[in-house]
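**Q** Test case, fold it:
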Amino acid sequence: MKKEEYVNIINNRLNDNEKARNTLLNQIEAYYKALNEYKMKQSKYKVGDRVFLEKGTLMHGTYKNIMGLKYIVKNGLISSWFVSGRKSKYPSSVGVWNLNKDYYLDEYIDFYSGGTFGYYENKLTNVCISEVVPYSRLSNLANIINRIKQKEYHMWLFEQTKESRFLPSLVQDSIQIGIIFNGNNEYIELLKKGDVLSSENFNDEDVKPFVNPGYYERFLTDRKNMNDFFTDRESAILFGIPSVFIEGILVGRNYEKDEERLKEIKRILPDAYICNLDGIVIYE
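**A** Numbers count the residues shown, from 1 in each chain. Down below sits the predicted model:
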């Protein structure tokens, strides 16, 4: 789809809300500015290197795996308002994981392949104390449970992290492709200003046109009380992210063993590194 077609969709969809329309039109301008001007630096990694991700790096997993990757490389990562995609809480935006600190990739994968614990002091409060238990510490759940018991929390929750459901992880094999976007340059910073999860970027009223109506009231509460369930590790970027920012591909165990699949990824993205769930570059 061409830029003019996206603009027409916005003008039709938001014809009664000038502020929201201009916000999204400005986001499209930032998208195409990046698409036309940004040049990815040559990868600094060699086979066997341990991947390091800076704070602000963005990641996205595609459940369509290689077909999803091909589509994103060709067309960009575009929100479901403009393409036929999964229904979401933020149909105007694309969901990405936004690293809130520096990580070695293997440490980040261990972190998100674990589980999220939540504790409520009593049934009358909505205050949830939460923490992520990394995969490597799941065998020590007895220690965690003892700590909970000492505090006499009345309600416990335990579930997969959000990342482990949508990125290649140590606990599922359905997602075999994770896309690593360079998140530290002037062009991506402009796009990040369109993050609807950030109350600094959008107040409660201005964000309303961009959120699924059935989720809006809950969204306002969740956004003000972020924890490890509604996390500060994720972003929802208006319109989309161009593929020029792709610096690396994280593959699951199945793709790691498939030489032809790795060659195919390299043909699609000749300048990107390919790494595995050990956080190591396996193909260059």
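**Q** And what about residue 178, helix, strand or coil?
**A** strand (DSSP: H, G, I helix; E, B strand; the rest coil).
**Q** so what's the nearest residue to it once chain neighbours are set aside bridging to?
**A** Sequence neighbours aside, residue 250 is the residue nearest to residue 178 in space, at 3.6 Å (criterion: C-beta to C-beta, 6 or more residues apart in numbering). All C-beta atoms are positioned from the backbone trio N, CA, C, and that covers glycine. Note on residue 250: beta-bridge partners residue 178, residue 275, judged by DSSP bridges.
**Q** give me the number of residues near residue 250?
**A** 27 (other C-beta atoms under 10 Å).
**Q** begin at 57 from here
**A** Yep, numbering from 57; the last one is residue 306 now.
**Q** What average pLDDT does the biggest helix by length in the chain get?
**A** Determined from DSSP state H, the single longest helix within the chain is helix 74-93. Mean pLDDT, helix 74-93: 97.
**Q** Tell me which other helices or strands it touches.
**A** Other elements packing on helix 74-93 under the criterion 3 or more C-beta pairs under 8 Å, 6 or more residues apart in numbering; DSSP states H and E are helix 59-69, helix 242-248, helix 260-263, strand 290-294.
**Q** okay if I get those as JSON lines plus mean pLDDT, distance to residue 325 and mean neighbour count?
**A** Converted to JSON lines, those look like this (pLDDT from 0 to 100; distance: least, C-beta to C-beta, whole Å; neighbours: other C-beta atoms under 10 Å):
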{"stretch": "helix 59-69", "mean pLDDT": "94", "distance to residue 325": "23", "mean neighbour count": "13"}
{"stretch": "helix 242-248", "mean pLDDT": "97", "distance to residue 325": "17", "mean neighbour count": "18"}
{"stretch": "helix 260-263", "mean pLDDT": "95", "distance to residue 325": "33", "mean neighbour count": "14"}
{"stretch": "strand 290-294", "mean pLDDT": "95", "distance to residue 325": "20", "mean neighbour count": "24"}
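**Q** picking up where we left off before, contacts for the longest helix of the chain?
**A** 59, 62-63, 66-67, 70-71, 132, 148, 243-244, 246-247, 249-250, 262, 265-266, 294-298, 300-301 (C-beta atoms under 8 Å, 6 or more residues apart in numbering).
**Q** Can you name the secondary structure element that comes next after that helix?
**A** strand 108-109 (DSSP states H and E).
**Q** Run me through the strand neighbours of the helix or strand following that following strand, direction for each.
**A** Following strand 108-109 in sequence order, the next helix or strand is strand 114-117 (DSSP H and E). Sheet pairing of strand 114-117 (DSSP bridges) gives strand 149-154 (antiparallel), strand 233-237 (antiparallel).
**Q** which is the next helix or strand following strand 114-117?
**A** helix 121-131.
**Q** Do me a favour and average the pLDDT over the helix or strand that that next one is followed by.
**A** Using DSSP H and E, the helix or strand that follows helix 121-131 in sequence is strand 133-134. Across strand 133-134, pLDDT averages out at 97.
**Q** which residue is nearest the middle of this protein?
**A** residue 152 (1.9 Å; C-alpha atoms, centre = their mean).
**Q** what residues are up against it?
**A** Neighbouring residues of residue 152 by C-beta under 8 Å, 6+ apart: 114-116, 133, 237, 290-293, 297.
**Q** do the same with residue 155
**A** So residue 155 contacts 109-115, 164, 239, 289 (C-beta under 8 Å, 6+ apart).
**Q** If you drop the residues flanking it in sequence, what lies closest to it?
**A** Residue 155 sits nearest to residue 113 (C-beta to C-beta, 6+ apart), 4.7 Å away.
**Q** Kindly report the same for residue 301.
**A** residue 237 (4.2 Å).
**Q** and the one you found, how many neighbours?
**A** 24.
**Q** Surely it and residue 244 touch.
**A** Yes: Residue 237 is in contact with residue 244 according to C-beta atoms under 8 Å; the separation is 7.2 Å.
**Q** Now the common contact residues for the two.
**A** The contact lists of residue 237 and residue 244 share 114, 297, 301, where a contact means C-beta under 8 Å, 6+ apart.
**Q** coming back round to it: so the residue nearest to residue 155 sits against residue 235, correct?
**A** No: with contacts defined as C-beta under 8 Å, residue 113 does not count as touching residue 235, sitting 10.9 Å away.
**Q** neighbour count winner among the two?
**A** Using other C-beta under 10 Å, the more surrounded residue of residue 113 and residue 235 is residue 235, with 26 against 23.
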